[in-house]
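A.B. asks: all I have is the shape, not the residue letters:
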Ligand SMILES: Nc1ncnc2c1ncn2[C@@H]1O[C@H](COP(=O)(O)OS(=O)(=O)O)[C@@H](OP(=O)(O)O)[C@H]1O
Ligand SMILES: [Mg+2]
Ligand SMILES: [Mg+2]
Ligand SMILES: [Mg+2]
C-alpha cells in the first residue's frame, strides 16, 4: 500500500476533473483571456480548473495549505468574466458518480468558487503539508493549440511526495514519437495522459478519462547509451528559456536531432516516459525566479522514472523556501547516468565553472 494512497487518488481525480473543463475551453474559440499584472495571459480555463482542484483538496484535506498560480481579484471586479467561469465550473463533473463524490461533488455557489480560488494564496515554505497547483501550465501553448498541463503536487516539510500531471494533448501511447504540438485539425482521439509519481514508489502513466481512473503502467526514462543520439526538449517561448544557449549545449554534446519545442510540464512527462531524453531550461534573465508550481510535479515524476533534475549549478530544486525556487537558476533534467555529462557542458557554455 502506497504511503500516500489517498492523496494520490484525490490528486489524480482532481486533475482529471479539472482537465474536462480545460478541454472544453481549449476547443472553444473564445477562451476569455485576460492579462495579469506581469502581462502574462490567464484564461477562464485557468481560473475554473484552479477552483475545481482546490474544492476537491479542501473537501478531503481541509487543514492543508495551497500554493496556486491564480487569484480571484480580477473576477471579483468583472461580473461577466466571473459568471462565464461559474457556468463552466458548475457544469463540470466526473461521469463516474463515485469518483465525483470522492471529490466532494459540485461547488455550491459563485461566491464559494472565488473563495476556493483564493485559498491558493499560501506563502509556501518548509513546514507541513502544502499543495502546489498550476491549473494550466503553458497557457501560451493552450492558446496556440499546443501542449499544456494541469499540474498538482503535494509537498511535506518542503519535499515533494506526490506529483500529478494531466496532459490532454499528449498521445496516450508512451512510445509515440516526441512532437511539440497538436497538429492542426487533430481531435482528442488517441490523446490525453495522466502522469503520476510518488516519492520512492516510481512513476506511472494512464489515459486521461472523464470518469474514474483508468489502469496505469509504470514509466521509465530511456537509458542513454550514445548522447549524440539523444533528443532534447525546450520551451516554445524564447522568453522562458534561452534557445541560443540550449542549441550550443546540444551541439557540444554532438546532438544532431533538432530540439523538440513543447509548452508546459509536458516536457518533464515526455522525458519521464522515454519519448525524449533531456529537458533544458536555461535562464534568459538573471532576475527571473522560477515558480514552484511550474516544476514540483515534473521534478518528482522525472526522478521517480530514473532521471536526475538539478539547476544549472547542479543543485536539486528546492521547493521549501516559498512560492518560488529562489535558490535555483534554470533546470537540467536528464537520465541519471547522463546528467553529469550534460551538466558539465551546460556549465561550460554558461561560463560558470
Ligand atoms: N521569463 C521567464 N522565464 C522562465 N519561465 C517563465 C518566464 N515567464 C513566465 N514563465 C513561466 O513559464 C511557464 C511556461 O513554461 P513553458 O516551459 O511552458 O514555456 S513555453 O510556453 O514552452 O515557452 C509559465 O507557466 P504558465 O503561466 O502556467 O503558463 C510561467 O510561469
Ligand atoms: Mg501563467
Ligand atoms: Mg506554469
Ligand atoms: Mg499556469
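C.D. replies: Received the coordinates, thanks. Everything numeric in this text was worked out from a predicted model, so none of it was measured. Ligands and ions are numbered 1, 2, ... in the order given.

A.B. asks: who's in contact with the helix or strand of the chain with the lowest mean pLDDT?
C.D. replies: Ranked by mean pLDDT, DSSP states H and E, the weakest helix or strand in the chain is strand 34-35, scoring a mean of 92. The contact list for strand 34-35, computed with C-beta atoms under 8 Å, 6 or more residues apart in numbering, reads 41-43, 74, 78, 81. For glycine as for every other residue, the C-beta is placed from the backbone atoms N, C-alpha and C.

A.B. asks: and the residue in the chain positioned nearest to ligand 3, how many neighbours?
C.D. replies: Using C-beta to the ion, the single residue of the chain nearest to ligand 3 is residue 137, 3.5 Å away. Counted with other C-beta atoms under 10 Å, the burial measure for residue 137 works out to 30 neighbours.

A.B. asks: repeat that for residue 315.
C.D. replies: Around residue 315 sit 12 other residues, with neighbours defined as other C-beta under 10 Å.

A.B. asks: surely it is in contact with residue 329?
C.D. replies: No: counting by C-beta atoms under 8 Å, residue 329 is not a contact partner of residue 315; they are 9.0 Å apart.

A.B. asks: got the residues of the stretch 51-200 of the chain near ligand 1?
C.D. replies: Counting by C-beta under 6 Å from any ligand atom, the residues of the stretch 51-200 of the chain lying close to ligand 1 are 69, 134, 137-141.

A.B. asks: which of those lies closest to residue 13?
C.D. replies: The nearest member of those to residue 13, counting by C-beta to C-beta, is residue 134 at 17.5 Å.

A.B. asks: in the stretch 201-350 of the chain, which spans are strands?
C.D. replies: 202-207, 217-218, 232-234, 260-261, 278-281, 307-310, 331-335 (DSSP state E, counting those that start in this stretch).

A.B. asks: make JSON lines from these and add mean pLDDT and distance to ligand 3 to it.
C.D. replies: Supplementary listing: these in JSON lines, determined by pLDDT from 0 to 100; distance: least, C-beta to the ion, whole Å:
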{"stretch": "strand 202-207", "mean pLDDT": "98", "distance to ligand 3": "20"}
{"stretch": "strand 217-218", "mean pLDDT": "98", "distance to ligand 3": "26"}
{"stretch": "strand 232-234", "mean pLDDT": "96", "distance to ligand 3": "15"}
{"stretch": "strand 260-261", "mean pLDDT": "94", "distance to ligand 3": "16"}
{"stretch": "strand 278-281", "mean pLDDT": "98", "distance to ligand 3": "12"}
{"stretch": "strand 307-310", "mean pLDDT": "98", "distance to ligand 3": "16"}
{"stretch": "strand 331-335", "mean pLDDT": "98", "distance to ligand 3": "13"}
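
A.B. asks: make a markdown table out of those and add distance to residue 157.
C.D. replies: Rendered in a markdown table, the data for the strands of the stretch 201-350 of the chain read as follows (distance: least, C-beta to C-beta, whole Å):
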| stretch | distance to residue 157 |
| --- | --- |
| strand 202-207 | 22 |
| strand 217-218 | 27 |
| strand 232-234 | 31 |
| strand 260-261 | 35 |
| strand 278-281 | 26 |
| strand 307-310 | 19 |
| strand 331-335 | 22 |
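
A.B. asks: ok, which of those strands comes nearest residue 348?
C.D. replies: Proximity to residue 348, assessed across the strands of the stretch 201-350 of the chain by C-beta to C-beta, is greatest for strand 331-335 (12.6 Å).

A.B. asks: ok, and what's touching the closest one?
C.D. replies: For strand 331-335, contacts defined as C-beta under 8 Å, 6+ apart pick out 221-224, 268, 271, 277-281, 290, 295, 298-299, 302, 306-312, 317, 339, 342-343, 346.

A.B. asks: among these, the buried ones, what's the PyMOL command?
C.D. replies: In PyMOL, this line selects whichever of the contacts of strand 331-335 come out buried by 16 or more other C-beta atoms under 10 Å:
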select buried, resi 221+222+224+268+271+277+278+279+280+281+290+295+298+299+302+306+307+308+309+310+311+312+317+339+342+343+346
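
A.B. asks: so where do the helices sit in the stretch 101-250 of the chain?
C.D. replies: In the stretch 101-250 of the chain, the segments counted as helices under DSSP state H, counting those that start in this stretch are 110-118, 139-144, 243-252.

A.B. asks: for residue 351, find the nearest of these.
C.D. replies: Counting by C-beta to C-beta, residue 351 lies closest to helix 243-252 out of the helices of the stretch 101-250 of the chain; the figure is 10.3 Å.

A.B. asks: give me the mean pLDDT for that closest one.
C.D. replies: Here the mean pLDDT over helix 243-252 is 96, rounded to a whole number.

A.B. asks: same thing with stretch 134-142?
C.D. replies: If you average the pLDDT values across stretch 134-142, you get 97.

A.B. asks: good, we can wrap up now.
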